[in-house]
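Colleague: next input, structure requested:
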Amino acid sequence: MRILITGSGGLLGSKIAELASGASHEVYAAYNQNRPKSGTPIRLDLRDLAAIERVVRGIGPDAIVHAAAMTDVDKCEQERDLALRINYEATSALASAAREMGAFLVYVSTDYVFNGERGFYSEADEPDPVNFYGYTKLMGERAVEELAGAHCIVRASVIYGAAPASGKSNFALWLIDKLERGERASVLVDQYVSPTLNSSLARMILEAVERGLEGLYHMAGAERVSRYEFAAKLCAAFGFDPSLLKPARMADMAWAARRPRDSSLDVSKAAGIFRAKPLKLNEALIELREGVMRGCSRGLQ
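Modeller: Numbering: from 1, shown residues only. From the prediction side, this is the model:
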């Protein structure tokens, strides 16, 4: 298949591009600032809506995975026009272009479309975002539903992986870095999520593309945990001293934007349909540790 992947320099897009290239798909890896390692690199600034249409027409993809987004929650709150442009208007342009070219579209959304008052949300639950980031991603979902042809909408939660991407770390790597240096890490005890390993999510998304699975799916990790519980399990998996973890609370954070208290996701629908299942946290941490060790050994060569 000919697949266009936006955000190919990022944490999730780079992994999808790597897996799709390894499966002998013809991959076009769209990026803005960080050139991807897999696929044919295509420079694409999502603020340029005309460029989106030109790129899609020029490639003529069978499928598009839209993994790019403005994900800095506080920045979205402070720079609303930019967040709306990238997360909603660019998604609308991509959805229209996908329908015109007859391409299957996968849109990567977020658990932050929910208000977090209850947690363990299923696909049937009504979104109600509490910040502008969640609002723009929900607008993106609705644009895909209205404008795209065949499509799949994917919601994930706290995506992490074994290597930095786009010049940024992620929650797991931030913890590993601090704990390896023997530094204390303040971690929230009262925010609950479904941490999602990027390679696990990439496998499920590639399967959705290859099988043309339409609909809305929660493709997160298979367990609801607080960020502190996640950190404690990471300590056990990597052999770090858990006494370095310092409990913190959401009220202690100087955030510009509100966060949902419990945005954990029910993944039973995806688990029942996909061959690549959402991973239990211990399974994901084993895979993360192997990935980190492979990265370390490459660095020593």
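Colleague: helices of the stretch 151-300 of the chain, start to end?
Modeller: Assigned by DSSP state H, counting those that start in this stretch, the stretch 151-300 of the chain shows helices spanning 171-180, 198-211, 227-238, 268-273, 281-300.
Colleague: how long is stretch 18-30 end to end?
Modeller: Stretch 18-30 stretches 13 Å from its first residue to its last (Cα to Cα, to the nearest Å).
Colleague: JSON lines please, covering the helices of the stretch 151-300 of the chain and showing distance to residue 20 and mean neighbour count.
Modeller: Quick note: C-beta positions are derived from backbone N, CA and C, even for glycine. What follows is these, written out as JSON lines (distance: least, Cβ to Cβ, whole Å; neighbours: other Cβ atoms under 10 Å):
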{"stretch": "helix 171-180", "distance to residue 20": "23", "mean neighbour count": "18"}
{"stretch": "helix 198-211", "distance to residue 20": "6", "mean neighbour count": "23"}
{"stretch": "helix 227-238", "distance to residue 20": "28", "mean neighbour count": "19"}
{"stretch": "helix 268-273", "distance to residue 20": "19", "mean neighbour count": "16"}
{"stretch": "helix 281-300", "distance to residue 20": "18", "mean neighbour count": "14"}
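Colleague: can you add distance to residue 54 and mean pLDDT and give those back as a markdown table?
Modeller: Below are the helices of the stretch 151-300 of the chain laid out as a markdown table (distance: least, Cβ to Cβ, whole Å; pLDDT from 0 to 100):
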| stretch | distance to residue 54 | mean pLDDT |
| --- | --- | --- |
| helix 171-180 | 35 | 96 |
| helix 198-211 | 22 | 98 |
| helix 227-238 | 41 | 98 |
| helix 268-273 | 34 | 98 |
| helix 281-300 | 36 | 85 |
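Colleague: could you dump the ones you listed to CSV with distance to residue 257?
Modeller: Formatted as CSV, the helices of the stretch 151-300 of the chain follow (distance: least, Cβ to Cβ, whole Å):
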stretch, distance to residue 257
helix 171-180, 17
helix 198-211, 23
helix 227-238, 17
helix 268-273, 28
helix 281-300, 26
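Colleague: nearest to residue 217, out of these?
Modeller: Closest approach to residue 217 among those is made by helix 268-273 (4.7 Å; Cβ to Cβ).
Colleague: now the closest one: how far from the chain's centre is it?
Modeller: 18 Å (Cα atoms, centre = their mean, to the nearest Å).
Colleague: just the CA trace of it, in CSV.
Modeller: C-alpha atoms of helix 268-273 as CSV (Å, rounded to 0.1, in the frame of the first residue of the first chain):
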residue,chain,number,x,y,z
SER,A,268,-12.2,-3.7,25.4
LYS,A,269,-13.6,-2.9,21.9
ALA,A,270,-10.1,-2.8,20.3
ALA,A,271,-9.0,-5.8,22.3
GLY,A,272,-11.9,-7.8,20.8
ILE,A,273,-11.3,-6.8,17.2
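Colleague: 10 is where my numbering starts, stick with that
Modeller: Shifting the count to begin at 10 puts that one at helix 277-282.
Colleague: and stretch 166-182, which residues are buried?
Modeller: The neighbour-count check on stretch 166-182 (16 or more other Cβ atoms under 10 Å) flags 166-172, 174-175, 178-182 as buried.
Colleague: make that stretch 127-136, sorry
Modeller: For stretch 127-136, by 16+ other Cβ under 10 Å, it's 128, 130, 132, 136.
Colleague: for residue 231, what are its contacts?
Modeller: Counting by Cβ atoms under 8 Å, 6 or more residues apart in numbering, residue 231 makes contact with 203, 276, 280, 286-290.
Colleague: tell me the pLDDT of residue 178.
Modeller: Per-residue pLDDT puts residue 178 at 86.
Colleague: what sits closest to it if chain neighbours are left out?
Modeller: Leaving aside its sequence neighbours, residue 178 sits nearest to residue 186 (Cβ to Cβ, 6 or more residues apart in numbering; 7.0 Å).
Colleague: for the residue lying closest to residue 297 once chain neighbours are set aside, what are its contacts?
Modeller: Using Cβ to Cβ, 6+ apart and skipping the chain neighbours, the partner closest in space to residue 297 is residue 171 (5.5 Å). Residue 171 makes contact with 182, 208, 297, 299-301, 303-304 under the criterion Cβ under 8 Å, 6+ apart.
Colleague: now swap in residue 157 and tell me
Modeller: 104-105, 107-108, 114, 116.
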